[in-house]
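[1] with the sequence up front, the predicted model follows.
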Amino acid sequence: MPTLDQRLADIKLLMRYAVPPNDLTKAAALVEKHSTDSVALHIFHAFYSYLPEGLEDAITVLRLLDRRQGAFLICASTGLADYLYLVTSEQAEFLGPLSEGIWEDEVLAFFNLENREAFLKKYADLTAFPVYVPAHLHNDLCPFCHVADGEIHTLGCPVEICPWCGGQLTSCGCRFTLLGKTALKNESQLEELLALLNKKGRLPFSAEEHRPAYPITPEDLQ
Ligand SMILES: [Zn+2]
Ligand SMILES: [Zn+2]
């Protein structure tokens, strides 16, 4: 995974070819505003490397339509149209124009929408939905994997507390001791660890405990 700075540099380069010259200053300012937010940077990168209409264009606003378990449903608006992205701390997936709604049943179900019509009805008035604020500034979200208060972290999130030793799960040695291994090498060992974790009981993200004086930003953890 590239660092945020690399991502930002890549996006700025892509924008030179993708954005109409007159829109560049404003479009770059929007990107800059989100320069420490992996969620928004994934969208900018996806958009500017693959312009949905194949025409020069620029994102003017991001709106948060919904979020759940570290996944964000975000609408990126441009002068031409509105586009849907499903974003996690790992990647942004382009879902298509807002006007067409969501076609994937799995995604609809994940956001508790009965069908595509229900989506179109709910999101008919875009202005009713808030402008997206960088994920790490949401006080009720894990600053790294972006799950909400009380939700279980994405496996591998450096904020997750180890239920055995109380340390940082990604850096303590418990997993090696428990699995009798010196390194975790494959998917099945991760599955094994996950099963042990679930049996022991994973510690969900607690905004109260982890946010107020949280000393590090997601960048420090990369
Ligand atoms: Zn987390
Ligand atoms: Zn531990």
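    Received the coordinates, thanks. Ligands and ions are numbered 1, 2, ... in the order given.
[2] quick one: the helix or strand harbouring Glu106 to chain centroid distance?
    Using DSSP states H and E, Glu106 sits within helix 105-110. Mean-position distance between helix 105-110 and its chain equals 17 Å (CA atoms, centre = their mean, to the nearest Å).
[3] what residues does it touch?
    Arg68, Ala71, Leu86, Leu95, Ile102, Glu114, Asn115, Arg116, Ala118, Phe119 (CB atoms under 8 Å, 6 or more residues apart in numbering). (C-beta placed from N, C-alpha, C; glycine too.)
[4] let me have these in CSV, adding pLDDT, neighbour count and distance to Cys142 as columns.
    CSV is the format used below for the contacts of helix 105-110 (pLDDT from 0 to 100; neighbours: other CB atoms under 10 Å; distance: CB to CB, whole Å):
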residue, pLDDT, neighbour count, distance to Cys142
Arg68, 91, 13, 13
Ala71, 94, 21, 13
Leu86, 97, 20, 18
Leu95, 96, 19, 24
Ile102, 96, 23, 25
Glu114, 96, 10, 29
Asn115, 97, 14, 31
Arg116, 97, 15, 31
Ala118, 97, 15, 29
Phe119, 97, 23, 27
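[5] which regions of the protein sit below the pLDDT cut-off?
    Low-confidence segments of the chain (pLDDT under 70): 211-222.
[6] follow-up on the earlier one: can you tell me which of the contacts of helix 105-110 are in helices?
    Arg116, Ala118, Phe119 (DSSP state H).
[7] tell me the one among those residues nearest to Ile59.
    Phe119 (21.0 Å; CB to CB).
[8] ok, that closest one touching Leu113?
    Yes. In this structure Phe119 lies within contact range of Leu113 using CB atoms under 8 Å: 5.0 Å.
[9] domain ranges for the protein?
    4-137, 139-222 (automatic domain parsing).
[10] give me the most central residue, the protein.
    Thr88 (2.7 Å; CA atoms, centre = their mean).
[11] surely that residue meets His146?
    Yes. Using CB under 8 Å, Thr88 is in contact with His146, at 7.4 Å.
[12] where do the contact lists of these two overlap?
    Val39, Gly70, Phe72.
[13] which one of those residues has the most neighbours?
    Highest neighbour count within those, by other CB atoms under 10 Å: Val39, with 28 neighbours.
[14] can you verify it is assigned to a helix?
    Yes. According to DSSP: H, G, I helix; E, B strand; the rest coil, Val39 belongs to a helix.
[15] contacting residues for it?
    Here Val39 is in contact with Phe72, Ile74, Val87, Thr88, Ser89, Ala92, Pro134, Ala135, His146 (CB under 8 Å, 6+ apart).
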